[in-house]
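*Asks:* Only the shape, not the letters, is given here:
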Ligand code: SF4
């Protein structure tokens with residue numbers, strides 16, 4: 001998600017007439033787009049800001065901006081610890097990067113942290129490193145509350161991007177010659193739950209309100225159900241798209257119809273990245289993950305049965321507070 005946000009920040013700055021450089025010494029604007037999923041990222045950011053202080057002293061016109069999750073979390077603390085930073089912006093106002101840099105030039109340092117998103121990053125200009133593949137953000141935020149994770153605090157509640165808008169973006173990527181897309185979301189396979197809720201609410205409105213999920217979908221299907229699998233199938237059917245991936249799904253939301261779509265549709269890659277986090281039910285429960293080790297294994301087995309060539313990858317946290325040797329052994333057993 002952060003890599004994709006960085007592509008958007010680069011795209012915005014290029015639209016504004018800037019050019020990318022490999023050399024920090026030559027840069028007029030330096031944007032540090034941060035992630036705070038691990039504590040080490042905090043230490044790294046303040047270390048890097050310390051290094052940039054000398055550059056700012058030598059060339060006071062250089063602008064330094066800090067964006068991303070750590071900025072959303074630390075806010076004013078960043079400028080307290082590094083007063084030479086010109087702009088601090090959070091996860092919800094990436095679209096304002098250029099304007100904030102301009103404003104800071106005139107009015108001095110700015111911290112702007114919003115609590116709600118102004119635009120989906122994918123709706124902004126982009127500068128892609130790869131020519132054949134693209135990230136497509138389908139959802140931002142997360143409604144879960146895993147005990148180890150800061151995402152809900154810094155990215156907010158789940159918001160799915162309208163179905164029709166996503167299809168249009170993928171169609172336009174295909175027209176530009178891109179053949180591989182990765183659907184991105186913090187909890188990617190719960191895509192559409194908020195849209196479905198909104199549609200159901202609108203159905204009860206007298207006179208019929210305009211639908212917010214993308215008229216293309218609603219008109220063709222007459223249904224209030226644009227869920228993840230529907231999207232997966234729809235983007236795979238776009239002419240020119242040859243590979244579709246998605247990350248990261250939550251095991252508790254992995255539904256049989258998603259597995260079926262992966263088995264049926266050639267364009268969907270035979271790769272399932274399914275974060276386990278722990279093989280101990282006790283630790284899974286203290287993590288608030290919402291599944292047990294056996295439930296996780298059942299889902300992987302069902303996926304493997306349906307898709308014989310399936311590659312499975314995962315994330316595991318070792319040393320979660322309270323983890324015993326027995327819990328660790330349980331994780332090893334699941335991994336084996
Ligand atoms: S589902 Fe993922 S993003 Fe959401 S709280 Fe859990 S780990 Fe964080």
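*Replies:* Thanks, I have it. This structure is a prediction, so every number in the text was calculated from the model and none was measured.
*Asks:* Show me what secondary structure element comes after the longest helix seen in the chain.
*Replies:* Under DSSP state H, the helix in the chain containing the largest number of residues is helix 39-58. Following helix 39-58 in sequence order, the next helix or strand is strand 63-68 (DSSP states H and E).
*Asks:* That next one - what's its average pLDDT?
*Replies:* Averaged over strand 63-68, pLDDT sits at 95.
*Asks:* Can you list the strands that it pairs with?
*Replies:* Paired strands of strand 63-68, with direction, are strand 29-34 (parallel), strand 87-89 (parallel) (DSSP bridges).
*Asks:* elements contacting the following helix or strand past it?
*Replies:* Once the chain leaves strand 63-68, the next helix or strand it forms, by DSSP H and E, is helix 69-74. The criterion is 3 or more C-beta pairs under 8 Å, 6 or more residues apart in numbering; DSSP states H and E, and the helices and strands that helix 69-74 contacts are strand 29-34, helix 39-58, helix 151-155. (Each C-beta comes from the backbone N, C-alpha and C, glycine too.)
*Asks:* average pLDDT for the very next helix or strand once past the last one?
*Replies:* Using DSSP H and E, the next helix or strand after helix 151-155 towards the C-terminus is strand 159-160. Averaged over strand 159-160, pLDDT sits at 90.
*Asks:* Counting neighbours, show which residues of the helix or strand that strand 159-160 is followed by come out buried.
*Replies:* Next in sequence after strand 159-160, counting helices and strands by DSSP H and E, comes helix 163-175. Across helix 163-175, burial judged by 16 or more other C-beta atoms under 10 Å covers 163, 164, 165, 166, 167, 169, 170, 173, 174.
*Asks:* Give the next helix or strand downstream of helix 163-175.
*Replies:* Helix 163-175 is succeeded, C-terminally, by strand 180-184 (DSSP H and E).
*Asks:* Against which helices or strands is that next one packed?
*Replies:* strand 133-137, helix 228-236, strand 243-247.
*Asks:* at 7 Å instead, please
*Replies:* Where contact means 3 or more C-beta pairs under 7 Å, 6 or more residues apart in numbering; DSSP states H and E, strand 180-184 is packed against strand 133-137, strand 243-247.
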